[in-house]
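**Student:** Okay, structure incoming, though there's no sequence with it:
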């Protein structure tokens, strides 16, 4: 790339081993860039181990909002020997590799720009070779015209619980990085300029990841009981809520297994708590019987399912959308449920918050399907709208003649709380009478089934419509659900053609407005991260419209903008459809 070439964003990749401080480096860089007036996006891919392996973090720094992953690497900093081979497929002529000579030599057969910097040697001169990462950060920050005062401010904040000597050494390491970068620029060692427009207002933004967004949504939804068994990628939700439990009166229980998790949550729900379960697909598999109990006893509960490649243990730290079928069909017999799949970090907050109100109002399980990509990605954003948030309760005082499962016109029985009133608040797993007594009466059985079906009709009426963006006269309709939202949005911004994009934040029940979009399209392409097209089959079943083409990715790694764009162009035969 020539010096006259420019981009609206710079992609920076650091690749090292677990335990090498890559996540800390990512945190420091993104905070520094944000305080400097740049938009930031970061995501990470990592192996399932505490030490060693090959992990990388990808950071996009931009003059405009960026929200998704690209293969392109403008700067690569390898911190271990396997880093070059691990990222080789992403290296191009425009990539600058900055690192130790022994790592640079491994890229000798690759056509790209290379800068040998002995980070550890430079850090040792300052006092400790473990400061090599900070030297590297100083270089990157100087390349992007970040003021050293801002970098030092972030360093001081990050190490505020450390000694003054440690803070001084980190500042010195950063200073040395700035000096090295200044020398490289003066000697014209770079093959491009890293100039991006800054926006001072971005300094006031927040940086939030999917895990925090879900946790904050639960807090805003009035969650007061959360139980979990550690299972990536959802473990951080439980730990986040436990860290803030005392501040918001939330009981957080790390249980001994997933069967215990679901039953404790149901017990808390019966007692009146706004209960939350967080797990992954493998953990949820053990909760099927408990979920069925929630369906029969009409206990409200919110469940967060973090998607990762399966079956069994699969790839615990990678990403997938493989749990839709499991969540949709789990539990014996039929009972209604709602399933949401946030496409953005803002959605993760809003949908989780409202899930608690919906669970309480309709007395049923409400699911939030996330995945590792959404949970572990973050970007700068304005404070999510929270001023008008309402925590809605739908329970009643149980009088002496109270009937927990009273048959009503709409299928929703008045819900009492044990101890609130004189009436008996029953909960039963059998087919039961209005009072909650076990029965095998034919007529009552039929009425209880009809009661559940009435609830299904109710929640269909309040389903979220899919979000449409693109040309209103579209010919090609791209369809997705969950965390692929920003990926597809950026792809269609890059392509010419009459494209429309239909994104589903709610995947069950499906809003009827989807049908009109499907009927208008001359060609439909559905994108999802599983090998069987789970949502495509559901959408066809619910709307009676066939999907023309599927783009299915099941690698476990995030799909890049470049990769998806090529696959769409391949499906369309390289033809440009219409005009933009």
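**Tutor:** That came in fine, so what should we check first? Just so we're clear, the structure is a prediction, and the values are computed from it rather than from any experiment. Numbers count the residues shown, from 1 in each chain.
**Student:** my guess is residue 310 contacts residue 319, does it?
**Tutor:** No - proximity of residue 310 to residue 319 does not meet the contact threshold set by Cβ atoms under 8 Å, at 11.8 Å. C-betas here are computed from N, CA, C, even on glycine.
**Student:** so residue 547, which of the three states?
**Tutor:** The local conformation at residue 547, judged by DSSP: H, G, I helix; E, B strand; the rest coil, is coil.
**Student:** Same check on the one 10 residues further on?
**Tutor:** Going by three-state DSSP, the secondary structure assigned to residue 557 is coil.
**Student:** From residue 555, how far off is the closest residue to it other than its chain neighbours?
**Tutor:** Take residue 557 and drop its neighbours on the chain: the residue closest to it by Cβ to Cβ, 6 or more residues apart in numbering is residue 45, 6.0 Å away. Taking Cβ to Cβ, to the nearest Å as the criterion, residue 45 is separated from residue 555 by 10 Å.
**Student:** List the beta-bridge partners for residue 16.
**Tutor:** When bridges are assigned using DSSP bridges, the partners listed for residue 16 are residue 55.
**Student:** Burial check on residue 528, number of neighbours?
**Tutor:** Using other Cβ atoms under 10 Å, residue 528 is surrounded by 24 other residues.
**Student:** cool, and the one 3 residues further on?
**Tutor:** Taking other Cβ under 10 Å as the neighbour definition, residue 531 ends up with a count of 12.
**Student:** could you list every residue that touches the nearest residue to it once chain neighbours are set aside?
**Tutor:** Distances taken as Cβ to Cβ, 6+ apart put residue 554 closest to residue 531, at 4.4 Å, once the chain neighbours are dropped. By Cβ atoms under 8 Å, 6 or more residues apart in numbering, the residues touching residue 554 are 309, 320, 322, 529, 530, 531.
**Student:** So, low pLDDT: which residues of the stretch 351-500 of the chain?
**Tutor:** Counting by pLDDT under 70, the stretch 351-500 of the chain contains no low-confidence range.
**Student:** Start from the N-terminal end of the stretch 1-150 of the chain and give the helices.
**Tutor:** If you assign secondary structure with DSSP state H, counting those that start in this stretch, the helices in the stretch 1-150 of the chain sit at 22-35, 83-87, 101-104, 119-126, 132-143, 148-158.
**Student:** now the angle from the fourth one to helix 132-143?
**Tutor:** This means helix 119-126. Helix 119-126 and helix 132-143 meet at an angle of 100 degrees, taking axes from the mean of the first three to the mean of the last three Cα atoms, to 10 degrees as the criterion.
**Student:** which strands and helices sit next to helix 119-126?
**Tutor:** The elements that helix 119-126 packs onto, with contact taken as 3 or more Cβ pairs under 8 Å, 6 or more residues apart in numbering; DSSP states H and E, are helix 132-143, helix 164-186.
**Student:** would you list the helices of the stretch 1-150 of the chain in JSON lines and tack on mean pLDDT, distance to residue 197 and mean neighbour count?
**Tutor:** Listed next are the helices of the stretch 1-150 of the chain as JSON lines, based on pLDDT from 0 to 100; distance: least, Cβ to Cβ, whole Å; neighbours: other Cβ atoms under 10 Å:
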{"stretch": "helix 22-35", "mean pLDDT": "94", "distance to residue 197": "13", "mean neighbour count": "21"}
{"stretch": "helix 83-87", "mean pLDDT": "96", "distance to residue 197": "28", "mean neighbour count": "19"}
{"stretch": "helix 101-104", "mean pLDDT": "94", "distance to residue 197": "32", "mean neighbour count": "15"}
{"stretch": "helix 119-126", "mean pLDDT": "91", "distance to residue 197": "30", "mean neighbour count": "18"}
{"stretch": "helix 132-143", "mean pLDDT": "95", "distance to residue 197": "16", "mean neighbour count": "26"}
{"stretch": "helix 148-158", "mean pLDDT": "96", "distance to residue 197": "17", "mean neighbour count": "17"}
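**Student:** Work out for me the element the residue most central in space within the chain sits within.
**Tutor:** In the chain, the centroid-proximal residue (Cα atoms, centre = their mean) is residue 374; its distance is 1.6 Å. Residue 374 is located in helix 372-376, with elements delineated by DSSP states H and E.
**Student:** C-terminal to that helix, what's the next element?
**Tutor:** Sequence order places strand 378-381 as the next helix or strand after helix 372-376, per DSSP H and E.
**Student:** what's the next secondary structure element after that next one?
**Tutor:** Heading C-terminal from strand 378-381, the first helix or strand you meet, by DSSP H and E, is strand 395-398.
**Student:** And that following strand, what's buried?
**Tutor:** Along strand 395-398, these residues count as buried under the neighbour rule (16 or more other Cβ atoms under 10 Å): 395, 398.
**Student:** who touches that strand?
**Tutor:** Counting by Cβ under 8 Å, 6+ apart, the neighbours of strand 395-398 from elsewhere in the structure are 272, 360, 414, 415, 416, 417, 420, 421, 422, 423, 424, 425.
**Student:** quick one, what contacts the second one?
**Tutor:** Just to be clear, that refers to residue 360. By Cβ under 8 Å, 6+ apart, the contact list for residue 360 reads 274, 300, 392, 393, 394, 395, 415.
**Student:** Considering those, which possesses the most neighbours?
**Tutor:** When neighbours are taken as other Cβ under 10 Å, the top entry among these is residue 300 (26 neighbours).
**Student:** Distance check, that one against residue 260.
**Tutor:** According to Cβ to Cβ, residue 300 and residue 260 sit 19 Å apart.
**Student:** do residue 89 as well
**Tutor:** With distances taken as Cβ to Cβ, residue 89 is found 43 Å from residue 260.
**Student:** what's the closest non-adjacent residue to residue 141?
**Tutor:** That would be residue 151: by Cβ to Cβ, 6+ apart, it lies 5.1 Å from residue 141.
**Student:** Who are the contact partners of the one you found?
**Tutor:** For residue 151, counting by Cβ under 8 Å, 6+ apart, the contacting residues are 32, 137, 138, 141, 174, 178.
**Student:** just residue 17 next, same as before
**Tutor:** Under the criterion of Cβ under 8 Å, 6+ apart, the contact partners of residue 17 comprise 51, 52, 53, 54, 55, 79, 80.
**Student:** Quick one: the strands in the stretch 351-500 of the chain, in order.
**Tutor:** Per DSSP state E, counting those that start in this stretch, the stretch 351-500 of the chain carries strands over the ranges 365-371, 378-381, 395-398, 415-421, 467-470, 476-481, 499-504.
**Student:** So which bits of the helix or strand just after the last one are buried?
**Tutor:** So that's strand 499-504. For strand 499-504, the following helix or strand on the C-terminal side (DSSP H and E) is strand 506-508. Neighbour counts using 16+ other Cβ under 10 Å place 506, 507, 508 of strand 506-508 among the buried residues.
**Student:** Residue 113 versus residue 184, what's the distance?
**Tutor:** According to Cβ to Cβ, residue 184 and residue 113 sit 11 Å apart.
**Student:** quick one: common contacting residues for the two?
**Tutor:** Contact criterion Cβ under 8 Å, 6+ apart; residues bridging residue 184 and residue 113 by contacting each: residue 190.
**Student:** Name the helix or strand for residue 527, please.
**Tutor:** Residue 527 belongs to strand 523-528 when assigned by DSSP H and E.
**Student:** Could you pull up the mean pLDDT of the helix or strand that that strand is followed by?
**Tutor:** The element immediately downstream of strand 523-528 (helix or strand, assigned by DSSP H and E) is helix 534-543. Taken as a whole, helix 534-543 has a mean pLDDT of 98.
**Student:** Helix 534-543 to strand 499-504, inter-axis angle?
**Tutor:** Note on geometry: by the same axes, to 10 degrees, helix 534-543 and strand 499-504 are set 90 degrees apart in direction.
**Student:** neighbouring contacts of the helix holding residue 374?
**Tutor:** So helix 372-376 is contacted by 43-44, 69, 209-211, 214, 232-234, 236-237, 306-308, 317-320, 342, 345, 348, 482-483, 558 (Cβ under 8 Å, 6+ apart).
**Student:** Now, those that are in strands?
**Tutor:** When these are checked against strands (DSSP state E), the matches are 43, 44, 209, 306, 307.
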